[in-house]
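Visitor: could you work out the structure for the sequence below:
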Amino acid sequence: MSRRSLLRIAVIISVVGLCAAGVFAFRGTGRWLVGQDPLRPSDVVVVLSGGMPWRAEEAGKIYRAGYAKEVWVSRGNGAADSLSKMGIRYVGEEDYDRGVLVYEGVPATAIRNLQKPIVDTEQEIEETTLEMRQSGKTSAIIVTSPYHTRRVRTLWRDLAGKNFTAVVRAAPGDPFDADHWWRSTGDAYAVARELLGLLNAWAGLPVRPRAK
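Guide: Purely as a prediction, here's the structure:
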């Protein structure tokens, strides 16, 4: 076999190998995004905004299992400001999350809404650590959707500081299909958003929420 033929075969094998690696990486992206920590006793359980009712449901189960004595609920800003200008009362996710928590057996006295409404995960972590600092807490269990766990862990490491620790847990009831995420528009959108969010985090958060 000539040298040219051998070179051609080598190129073909390389291209096929790269394509196979690309397909494998593409299919595995959903599983790569999911990464949670083992549960351990903490000061509070924090329900991040979104993923209703699964995040609050899981937080309630964690509370009932005795891993924390308080549950904090993040307040998504949503359309509150726009509706307020129209004289329309905005019923936020935190109200529904509270209802889910009570349904799961969490006493109303153990549930606390974070004070400041947020628009993204970075603000959620900043608001959570601020509340922890003010109330003398040092550890939290953060409950979010499976696809969101890796970004939450990355942002916590970058933003929370050394004085605060977090256990990141995925809500098992969330319908995200990590093995076949490309089959659903909702799952595909979630994966794309998480990848962009991770790129932003790795770059030092140059993209921030739009100023009001």
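Visitor: isn't residue 39 right next to residue 170, touching?
Guide: No - assessed by Cβ atoms under 8 Å, residue 39 is found out of contact with residue 170, at 11.5 Å. Any C-beta I mention is one placed from the backbone N, CA and C, and that applies to glycine too.
Visitor: the two: which is more packed in?
Guide: Neighbours were counted for residue 39 and for residue 170 using other Cβ atoms under 10 Å; residue 170 has more, 25 against 13.
Visitor: list the contacts for the more buried one?
Guide: Residues near residue 170 by Cβ atoms under 8 Å, 6 or more residues apart in numbering: 34, 36, 58, 143-146, 149.
Visitor: using pLDDT, spot the least trustworthy of the residues you listed.
Guide: Lowest pLDDT within the contacts of residue 170 is found at residue 36 (91).
Visitor: what about residue 169, how many residues nearby?
Guide: 24.
Visitor: let me know the pLDDT of it.
Guide: At residue 169, pLDDT is 97.
Visitor: residue boundaries of the helices in the protein?
Guide: Applying DSSP state H to the chain gives helices spanning 3-33, 54-64, 80-85, 93-103, 121-135, 149-159, 185-202.
Visitor: if we can go back for a sec, please produce a PyMOL select command covering the buried subset of the contacts of residue 170.
Guide: Buried residues within the contacts of residue 170, by 16 or more other Cβ atoms under 10 Å, are selected in PyMOL with:
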select buried, resi 36+58+143+144+145+146+149
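Visitor: dump the contacts of residue 170 into a markdown table; add distance to residue 81 as well.
Guide: Output for the contacts of residue 170, formatted as a markdown table (distance: Cβ to Cβ, whole Å):
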| residue | distance to residue 81 |
| --- | --- |
| 34 | 33 |
| 36 | 33 |
| 58 | 29 |
| 143 | 26 |
| 144 | 24 |
| 145 | 25 |
| 146 | 30 |
| 149 | 30 |
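Visitor: let me know the closest of the contacts of residue 170 to residue 189.
Guide: Nearest to residue 189 out of the contacts of residue 170 is residue 145 (Cβ to Cβ; 12.4 Å).
Visitor: dihedrals phi and psi, that closest one?
Guide: Note on residue 145: backbone dihedrals following degrees, to the nearest 10 are phi -80, psi 150.
Visitor: I figured it hits residue 53, correct?
Guide: No - the criterion here is Cβ under 8 Å, and residue 145 misses it with residue 53 at 11.8 Å.
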